[in-house]
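Chemist: I'll drop the sequence and a predicted model, then ask my questions.
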Amino acid sequence: MTLHLADAEATAALAGQLHAVLPPDTAGWTVLLEGELGAGKSTFARALIKTMGHRGAVPSPTYTLVEPYQLPGRIIYHIDLYRIADEEELRYLGWTELEDGFRLVEWPDRAPGLMAAADLRLELSYAESGRDARLQGLSERGKALVRQIDDSACSNSQD
Ligand SMILES: Nc1ncnc2c1ncn2[C@@H]1O[C@H](COP(=O)(O)OP(=O)(O)O)[C@@H](O)[C@H]1O
Ligand SMILES: [Mg+2]
């Protein structure tokens, strides 16, 4: 699905829409956040982490690579691969140990192999004003979620 995000609040609202359809158990889910610098990846990630129940700051994982958030019933890993030069380096951040959590990945293009294992992909790009967004389901369960968001967006616009 594609949509226009007029401002940062709209980017955050999209995170809310995704949260509304996520299953209670998100262990092993991977969401890829793509887009150039300033496109709104962190805005989306921050809004999602907060709406999932985190109180407090959501610092950028640019230097730490991974910021974990232990919440009741789930763990979120906010991951930033900007500083990763090639896929091999993923093992330094212990990628395989992050399977118990909900992985939100900025700059996933640094590790193209992630596409095959991911559930959702959000591509953000600059528009004349605001941003354009494309939300795509990669796995079967991811596709089902996108259909749900699409359906609720349609019924809202008919209100
Ligand atoms: N839909 C939008 N329209 C206009 N500005 C936005 C939108 N979404 C986010 N922003 C703003 O863009 C700036 C960069 O966002 P950020 O999330 O840090 O980008 P990224 O992580 O992709 O580099 C922030 O000031 C944010 O408020
Ligand atoms: Mg960012």
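Modeler: It's in. Ligands and ions are numbered 1, 2, ... in the order given.
Chemist: which residues in this protein form helices?
Modeler: If DSSP state H is used as the criterion, the helices of the chain fall at 8-21, 41-51, 114-117, 140-157.
Chemist: what is the burial count for whatever residue of the chain ends up closest to ligand 2?
Modeler: Across the chain, no residue is closer to ligand 2 than Ser42, which sits at 3.3 Å (CB to the ion). In this view, the C-beta of every residue, glycine as well, is placed from N, C-alpha and C. Residues within reach of Ser42, counting by other CB atoms under 10 Å, total 20.
Chemist: so what's it closest to, chain neighbours aside?
Modeler: Spatial nearest neighbour of Ser42, chain neighbours left out: Ser60 (6.2 Å); criterion: CB to CB, 6 or more residues apart in numbering.
Chemist: and the one you found, how many residues sit next to it?
Modeler: Close neighbours of Ser60, defined as other CB under 10 Å, add up to 14.
Chemist: who is Arg134 paired with across the strands?
Modeler: In this structure, Arg134 has the following beta-bridge partners (DSSP bridges): Thr2, Glu123.
Chemist: what score does the closest residue in space to Asp100 that isn't next to it in sequence have for pLDDT?
Modeler: Computed as CB to CB, 6+ apart, the closest residue to Asp100 that is not its neighbour in sequence is Ala27, at 5.4 Å. You'll see Ala27 listed with a pLDDT of 94.
Chemist: give the contact list for the closest residue in space to Gln17 that isn't next to it in sequence.
Modeler: Distance criterion CB to CB, 6+ apart; nearest residue to Gln17, sequence neighbours excluded, is Ile149 at 5.3 Å. Ile149 makes contact with 1, 17-18, 21, 135, according to CB atoms under 8 Å, 6 or more residues apart in numbering.
Chemist: below-threshold pLDDT in the protein: ranges please.
Modeler: Applying pLDDT under 70 to the chain picks out residues 155-159.
Chemist: residues of it that sit close to ligand 2?
Modeler: The chain comes close to ligand 2 at residues 41-42, as judged by CB under 5 Å from the ion.
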